[in-house]
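Participant: quick one: sequence and predicted model below, then my questions.
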Amino acid sequence: MPAWELVGLIAAIIVFVCASTSFALQVPAFHSTDERAHLGYAHAIADGHLPEIDDRPDIPREATVWRDVVTGKSRTDSYRTVWVANHPPLHYVLVAPLIWLSTAAGRTDGGVMYMRFANIAFACAGIAFTYLLAVQLTGGERRSGLAAASLVALIPRGHFEFAQGFNDGLSFAATTAVVWSAVRYLRHGHSSSGLLVLGATVAVAAGSRAAAMIVAVAVVAVVSVVRLITHGGTVRLRARAAALTAIGGLAPAAVLFGWFYLRNVSLYGDIGASSYLLERFERSPVGTPLGLFTRGHMWVRIYQELPIKSLLTMRAAPPATIVANVVAVLTAIGLAIGAVTRRGLAGSARRRSLQPSVSALAVCAVVVLVVATTIVQHTSGGGVATSRYVFPALGVLAGLFAIGLDRLMGLLPVIVVATLGLWSARFLPGRILSEIEQAGVTQAALSGVSKAVLSGLSIVCVVVLIAILFATRRSAAADAAA
């Protein structure tokens, strides 16, 4: 019989798919401005060439909805090009078959709906890697893995963003996979297979987004430093081991996608074309990076967007923000207690072996720091600080939240997951309609039967998920007492 935690993971993924699919089907095509550019990139790759930021998309004759949006609703000419061509091409290579299918079917949206479903599918892989990451962080505690995966699957912000025709799903999955493979490598010791897995995940991250590539490079750097410190022998042998680890972790990415980042530097001045894009869209610098790092209200707002809002224009009641803040404080207390006592209030001596190692926590801390730095860099140049840019660290944050809450009180992850599930289901079956109306958007049609199926399946899976978390909590408590 399969482990109940795996059944719970499947239930969490089903809830996420149902909620995200509801948004994908009801939010009108190109509601998010960036969708038209991502679709243009995908069509260029499907046609066999790599676009540049100033290129205009080649819109098929049948794609009338896409053409009308580009020609009639673009604010300036800057929004009529493939301005997301600063991203590496892996995501668009993977969705190219969907573009071919869309062209063959003569879809009026150009295939943006197919790209939405691809984004959802990649995000599902990210939820699975979140489970694996939390299990590795705790030395095999599958219940923490399920709690972490549930947190990601139930956050309302993800339901909307991962339902857009973007590349966030692949980036989220890839960076989470990188951290999982790094923690796994550190826990089990050096092996050729472990290094191979690390190198493969880093390559995928480098091919998804520049931010994911930076995170992956930082993770490999931490792993190499740990190898330098812990490897036995002389300084020369340690340096050699660290160098081989760095080469094994980074070489596949350098070979597969190094050329693309060199191309960006040549065309736009930096690896992510950040300065070029900010100037193109006439953004003005806002403060200094250091000043933004210490701007507490910005980070609080970004955090609160994740568990409370689907659409950013959705109104959030004060009680929801208070609950979100309390959960963050409890998590911090639980992590602090676990770090000091090496077990936590809710644990036993047996759980010492289940605590994240110092090296694993260092990897997680570096990931969060690097992602925060990319947000600050983007914002200081005039970009908008939004919770979507936290997604490369979403799996890490969910794992830390699950561990911190569990170490403080074994029932807390169950309560938080139940609260998120109830909050996500609060508007069902009219949740999507309610939020879209708040955003001032005309929703697309979705039959009553489809709404009932998606809503009913979501509610059933949330109940199953909560029941499994509660049952495994009692089992873990019994084991600790024994």
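Facilitator: Looks like it arrived, so ask away. Residues are numbered from 1 along each chain as shown.
Participant: right, and the helix or strand after the host helix or strand of residue 251?
Facilitator: Here residue 251 is covered by helix 235-268, with elements defined by DSSP states H and E. Proceeding N to C from helix 235-268, the next assigned helix or strand is helix 274-280, under DSSP H and E.
Participant: from the chain's centre, how far out does that next one sit?
Facilitator: From the chain centre to the centre of helix 274-280 is a distance of 24 Å (C-alpha atoms, centre = their mean, to the nearest Å).
Participant: check stretch 8-27 too.
Facilitator: When C-alpha coordinates are averaged (C-alpha atoms, centre = their mean), stretch 8-27 and its chain have centres 15 Å apart.
Participant: try stretch 190-198
Facilitator: If you compare the mean C-alpha spot of stretch 190-198 with that of the full chain, they lie 24 Å apart, counting by C-alpha atoms, centre = their mean.
Participant: for the remainder of this discussion, apply numbering that starts at 17.
Facilitator: With 17 as the first residue, the last one maps to stretch 206-214.
Participant: which positions within that stretch qualify as buried?
Facilitator: Buried positions in stretch 206-214, judged by neighbour count with 16 or more other C-beta atoms under 10 Å: 206, 210, 211, 213, 214. Backbone N, C-alpha and C define where each C-beta goes, glycine included.
Participant: wait, the second one touches residue 200, no?
Facilitator: Yes - A contact is recorded between residue 210 and residue 200 when judged using C-beta atoms under 8 Å, the distance being 6.4 Å.
Participant: any chance of the buried residues of stretch 206-214 in a markdown table, plus pLDDT, distance to residue 232 and secondary structure?
Facilitator: Compiled in a markdown table, the buried residues of stretch 206-214 are given as follows (pLDDT from 0 to 100; distance: C-beta to C-beta, whole Å; DSSP: H, G, I helix; E, B strand; the rest coil):
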| residue | pLDDT | distance to residue 232 | secondary structure |
| --- | --- | --- | --- |
| 206 | 85 | 19 | coil |
| 210 | 94 | 16 | helix |
| 211 | 95 | 14 | helix |
| 213 | 97 | 13 | helix |
| 214 | 97 | 9 | helix |
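Participant: let's have those in TSV, adding distance to residue 417.
Facilitator: Compiled in TSV, the buried residues of stretch 206-214 are given as follows (distance: C-beta to C-beta, whole Å):
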residue	distance to residue 417
206	30
210	26
211	29
213	25
214	25
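Participant: show me where the stretch 317-466 of the chain has its helices.
Facilitator: With DSSP state H, counting those that start in this stretch, the ranges of helices along the stretch 317-466 of the chain come out as 334-357, 374-396, 410-424, 428-441, 447-454, 464-497.
Participant: what's the closest non-adjacent residue to residue 56?
Facilitator: Counting by C-beta to C-beta, 6 or more residues apart in numbering, the nearest residue to residue 56 once its immediate chain neighbours are dropped is residue 73, at 3.0 Å.
Participant: tell me the secondary structure of that neighbour, please.
Facilitator: coil (DSSP: H, G, I helix; E, B strand; the rest coil).
Participant: now it. Its backbone dihedrals?
Facilitator: When read as degrees, to the nearest 10, the backbone of residue 73 gives phi -70, psi 150.
Participant: distance from stretch 19-35 to the middle of the chain?
Facilitator: Taking C-alpha atoms, centre = their mean, one finds stretch 19-35 lying 17 Å from the centre of the chain it belongs to.
Participant: which outside residues touch it?
Facilitator: Residues from elsewhere that reach stretch 19-35 (C-beta atoms under 8 Å, 6 or more residues apart in numbering): 136, 139-140, 143-144, 147, 158-159, 161-162, 165-166, 168-170, 172, 174-175, 178, 437, 440, 470-471, 473-474, 477-478, 480-481, 484-485, 487-488.
Participant: mean pLDDT per helix and strand in the chain: which one sits at the bottom?
Facilitator: Across the helices and strands of the chain, mean confidence by mean pLDDT, DSSP states H and E is lowest for helix 447-454: a mean of 53.
Participant: any low-confidence regions in the stretch 317-466 of the chain?
Facilitator: Of all residues in the stretch 317-466 of the chain, those with pLDDT under 70 make up the ranges 326-334, 357-372, 440-465.
Participant: quick one on the thing from earlier: just the buried subset of the contacts of stretch 19-35, please.
Facilitator: Using 16+ other C-beta under 10 Å as the threshold, 136, 139-140, 143-144, 147, 158-159, 161-162, 165-166, 168-170, 172, 174-175, 178, 437, 440, 470-471, 474, 477-478, 480-481, 484-485, 488 are the buried ones among the contacts of stretch 19-35.
Participant: gap between the residue of the chain positioned farthest from its centre and residue 199?
Facilitator: In the chain, the greatest distance from the average C-alpha position (C-alpha atoms, centre = their mean) is reached by residue 250, at 40.3 Å. As defined by C-beta to C-beta, to the nearest Å, residue 250 lies at a distance of 28 Å from residue 199.
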